[in-house]
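1. quick one, what's the 3D model for this:
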Amino acid sequence: MSMLEQQAQLRRRTLSPVGSDWPSELPPLLDRVYRGRGMRFASDLDLSLSHLPHPGSLPDIDLAAELLAHSVQDGSPVVVVGDYDADGATGTALAVRGLRMLGHPDVRFRVPDRVRHGYGLSPALVEELDPDIAVLVTVDHGSTSHAGVRAANARGFKVLVTDHHLLADELPSAAALVNPQRTPSSPLRSLCGAGVMFYVLAAVRQHLRGRGWFSQARFAGAPEPVLSTLLDLVALGTVADLVPLTTLNRSLVDAGLKRIRAHQACAGVQALLQVAGRNPRRTQASDLGFAVAPRINAAGRLDDMSIGVRCLLSDDPIEALALANQLNSLNLERRELQADMQARALEAVELGLARFEGRQLPSVLVLGDPGWHPGVVGLVASKLVERHHRPAFAFAPSGAGDGEWRGSGRSIADLHLRDGLVEVDAMHPGLLVRYGGHAMAAGLSIRAEAFPSVVLAMQAVFQSKLTPELGTRWLDTDGALAGEEFSLAHATLLEQAGPFGQQFPEPLFDDAFILISAKRLKERHWKLRVKNRFGALLDALWFNSDDDLPAPGCTLHLAFQLMRNEFRDEQQLQLLVRSAWQA
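-> Residues are numbered from 1 along each chain as shown. You can find the predicted model right below:
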């Protein structure tokens, strides 16, 4: 089925604006966009940092602050153990930078190796740490690392877990466990791993301030450390980890983007934007999600995430650029590997459908291949979800020679992936070796020989969860634009209205257009000239479309975004096509 045919079958609906209590002078288009995303009050519009929730609702926050403040003062070595994704890398760099800013003389970091150590704090990784470590801090993991925490305790390390993932029934025996999921009513539940670490650093600074730490000679004449200078890292981690962009997270991302646009980001973030060909002055959340984060993630998928952390820790622009180029090369390699694996996965689904004589897709897509790379299976799962609108898991051998396969899953809106794995584990104890994650993404390990049983167990569990409503692919838009709203001024207005992202989507409009001309770009993209129903001629870009378009003069229905196209200091309005179908 062609993309035009597939998108013509989408169920389309216009977002329903809610009532609001904010000032009436808000521009009508912006008013409609905000209310369509559930915003109601003037406070929803206020992204100033002064309104951030207090860290007091985080469990164990005082224990954590006391532990780290004491370590800062006595200089006892701290090791930060991050995760091998972009949130883990940014959170690790944030922790190291922050503790050093607060005056800690000996902060180190480690990141697990995906193959040798697996996910989280493992006994194998703990065994490799230096014996003089006094405090071990996890970032973006650790809430279910019982064996790793026990191993660290046995070596005499004090363990501080900072995490945001869902919890198991039993908590690890850490000295402190800061995870907003422990308090269901916490206003901080939407934080990513880097966001949790930012709050921990704020609490540590408060403790040190109360002890008069910043009035000592070493800080004489210098202002107290300003942690908001780290918000470019928080913004990157928040966008990369796809946590909901609540008002809290929008405030953090907005502040980080302002630093990036003002050329105040760390050298590593600036270098990554440079190698990605993005203009720092116009950086949007989407640039962090689609340009910067994949390059950092590539290190954790194919090589060593410490490359990404070192890039974010560097203050030397030349060194940062060299590391960014290394990450860029890894990302190119990742793309090639991913394209091959995705093609094989999509082909397997099509063959499966043919075998079942075109019957409906199963409730969950579960695929594995002994030739796949374990670092890229999550991207394969994402592609399956995008193409077929089903929760999906992709598996590959762990690479450690232990007879295990590692899987990564992605879900669709309102279908909780980790809860599904909990049910599989309850119904078939021991079938899953280990698992974890959250609503939209999860990871697990299984024995290779158990793969067929895992497929059947998952399909049985998710069959009851995939209701007809959830199984329907919807295209949510903000409706049609008025004639005067096709303007550079309105494109600029929407660009400045962000940040947009997970559960707070970018404005998307839809309407019918007459196709005037179409030109192929690099065999995968289209440059279109279209006429709207008001008679205006507009340029449009449609990326990653393999379809052959109908002849000029036909009517196309487009779902599109308003964009500013800037070239040689000139700006013009451009439509960015997200979906198209023949009207």
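2. mind listing the strands for the stretch 451-583 of the chain?
-> Counting by DSSP state E, counting those that start in this stretch, the stretch 451-583 of the chain has strands at residues 474-477, 509-521, 525-531, 537-542, 555-567, 570-582.
3. what are the buried residues along the third one?
-> So that's strand 525-531. Along strand 525-531, these residues count as buried under the neighbour rule (16 or more other Cβ atoms under 10 Å): W526, L528, R529, V530. (C-beta placed from N, C-alpha, C; glycine too.)
4. partner residues bridging the residue nearest to the first one when sequence neighbours are not counted?
-> Distances taken as Cβ to Cβ, 6 or more residues apart in numbering put W542 closest to W526, at 4.3 Å, once the chain neighbours are dropped. W542 has these beta-bridge partners by DSSP bridges: W526, V577.
5. residues touching W542, list them.
-> With Cβ atoms under 8 Å, 6 or more residues apart in numbering as the criterion, the residues that contact W542 are H525, W526, L528, V577, A580.
6. for the second one, list the residues it contacts.
-> Residues in contact with W526, defined by Cβ under 8 Å, 6+ apart, are A518, K519, R520, L541, W542, S545, L549, V577.
7. which one of those is nearest to D113?
-> For the contacts of W526, the minimum distance to D113 (Cβ to Cβ) is 38.3 Å, reached by S545.
8. state the distance from the closest one to C311.
-> The spacing between S545 and C311, counted by Cβ to Cβ, to the nearest Å, is 33 Å.
9. could you do H416 as well?
-> Here H416 is placed at a distance of 34 Å from C311 (Cβ to Cβ).
10. try L49
-> Look at L49 and C311: by Cβ to Cβ, they are 26 Å apart.
11. neighbour count winner among the two?
-> More neighbours sit around C311 than around the other of L49 and C311, counting by other Cβ atoms under 10 Å; the figures are 28 against 11.
12. next one: the helix of greatest length in the chain to chain centre, how far?
-> Secondary structure of the chain read by DSSP state H shows that its longest helix is helix 317-355. The chain centroid and the centroid of helix 317-355 are separated by 17 Å, computed with Cα atoms, centre = their mean, to the nearest Å.
13. now do the buried residues in that helix.
-> In terms of neighbour count (16+ other Cβ under 10 Å), helix 317-355 has its buried residues at 319-321, 323-328, 330-331, 334, 337-338, 341-342, 345-346, 349.
14. what helices and strands are in contact with that helix?
-> Contact analysis of helix 317-355 by 3 or more Cβ pairs under 8 Å, 6 or more residues apart in numbering; DSSP states H and E lists helix 267-275, helix 293-302, helix 306-313, strand 365-368, helix 377-388 as its packing neighbours.
15. to T238, which of those lies closest?
-> Closest to T238 of these is helix 293-302 (Cβ to Cβ; 10.4 Å).
16. model confidence over that closest one, on average?
-> The predicted model gives helix 293-302 an average pLDDT of 88.
17. hey, C-alpha coordinates of that helix in CSV?
-> Output of helix 293-302 as CSV, limited to C-alpha atoms (Å, rounded to 0.1, in the frame of the first residue of the first chain):
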residue,chain,number,x,y,z
ALA,A,293,19.8,13.3,20.7
PRO,A,294,20.2,10.7,18.0
ARG,A,295,23.9,11.5,17.7
ILE,A,296,24.4,11.0,21.4
ASN,A,297,22.3,7.9,21.4
ALA,A,298,24.4,6.4,18.6
ALA,A,299,27.4,6.1,21.0
GLY,A,300,25.4,4.0,23.5
ARG,A,301,23.9,1.9,20.7
LEU,A,302,27.0,1.0,18.8
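18. and it, what does it pack onto?
-> Helix 293-302 is packed against helix 86-101, helix 231-240, helix 267-275, helix 306-313, helix 317-355, with contacts defined by 3+ Cβ pairs under 8 Å, 6+ apart.
19. now that helix against helix 377-388, angle please.
-> 130 degrees (axes from the mean of the first three to the mean of the last three Cα atoms, to 10 degrees).
20. ok, residues contacting helix 293-302?
-> By Cβ under 8 Å, 6+ apart, helix 293-302 touches 83-86, 88-90, 111, 114, 236, 239-240, 272, 275-276, 305-308, 311-312, 324, 327-328, 330-331, 333-334, 337, 373, 375-376.
21. among these, name the buried ones.
-> 83-86, 88-90, 111, 114, 236, 239-240, 272, 275-276, 305-308, 311-312, 324, 327-328, 330-331, 334, 337, 373, 375-376.
22. so R434 sits against L444, correct?
-> Yes. Taking Cβ atoms under 8 Å as the definition, R434 is a contact partner of L444 at 6.6 Å.
23. pick out whichever of those two has more residues nearby.
-> Residue environment comparison for R434 versus L444 gives the larger neighbour count to L444, 24 against 17, counting by other Cβ under 10 Å.
24. show me what the more buried one is bridged to.
-> Using DSSP bridges, the bridge partners assigned to L444 are G407, Y435.
25. where's it relative to L302, distance?
-> The gap separating L444 from L302 is 21 Å, by Cβ to Cβ.
26. residues touching R100, list them.
-> Neighbouring residues of R100 by Cβ under 8 Å, 6+ apart: V107.
27. can we see that at 10 Å?
-> V72, D106, V107, P225, L313 (Cβ atoms under 10 Å, 6 or more residues apart in numbering).
28. against D60, how distant is the residue nearest to the first one when sequence neighbours are not counted?
-> On the basis of Cβ to Cβ, 6+ apart, the spatially nearest residue to V72 that is not a chain neighbour turns out to be H104, at 4.6 Å. The gap separating H104 from D60 is 20 Å, by Cβ to Cβ.
29. same question for F451.
-> F451 sits 39 Å away from D60, taking Cβ to Cβ as the criterion.
30. out of those two, which sits in the more crowded spot?
-> When F451 and D60 are compared for neighbours, D60 comes out ahead with 20 against 15, by other Cβ under 10 Å.
31. surely that one touches L67?
-> Yes. D60 sits in contact with L67 when judged by Cβ atoms under 10 Å, with a separation of 9.5 Å.
32. in the protein, where is pLDDT below threshold?
-> 1-13, 16-20, 22-24, 217-221, 352-359, 583 (pLDDT under 70).
33. how is it divided into domains?
-> Described in terms of automatic domain parsing, the domain architecture of the chain consists of the residue ranges 3-39+474-582, 55-329, 360-465.
34. out of the ones you listed, indicate the one that is most buried.
-> Using mean count of other Cβ atoms under 10 Å, the stretch among the domains of the chain with the largest mean neighbour count is domain 55-329, at a mean of 21.
35. starting at the chain centroid, how far to that one?
-> Going by Cα atoms, centre = their mean, the spacing between the C-alpha centre of domain 55-329 and its chain's C-alpha centre is 15 Å.
36. same check on stretch 422-429?
-> Computed by Cα atoms, centre = their mean, the chain-centroid distance of stretch 422-429 equals 28 Å.
37. list of residues touching it?
-> 166, 168-169, 416, 431-432, 434-435, 442, 444, 450, 453-454, 456-458, 460-462, 464-465.
38. among those residues, which ones are in helices?
-> Counting by DSSP H, the part of the contacts of stretch 422-429 found in helices is S453, V454, L456, A457, M458, A460, V461, F462, S464, K465.
39. with distance to G212 added, can I get those residues in JSON lines?
-> JSON lines is the format used below for these (distance: Cβ to Cβ, whole Å):
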{"residue": "S453", "distance to G212": "61"}
{"residue": "V454", "distance to G212": "57"}
{"residue": "L456", "distance to G212": "63"}
{"residue": "A457", "distance to G212": "58"}
{"residue": "M458", "distance to G212": "57"}
{"residue": "A460", "distance to G212": "61"}
{"residue": "V461", "distance to G212": "56"}
{"residue": "F462", "distance to G212": "57"}
{"residue": "S464", "distance to G212": "59"}
{"residue": "K465", "distance to G212": "55"}
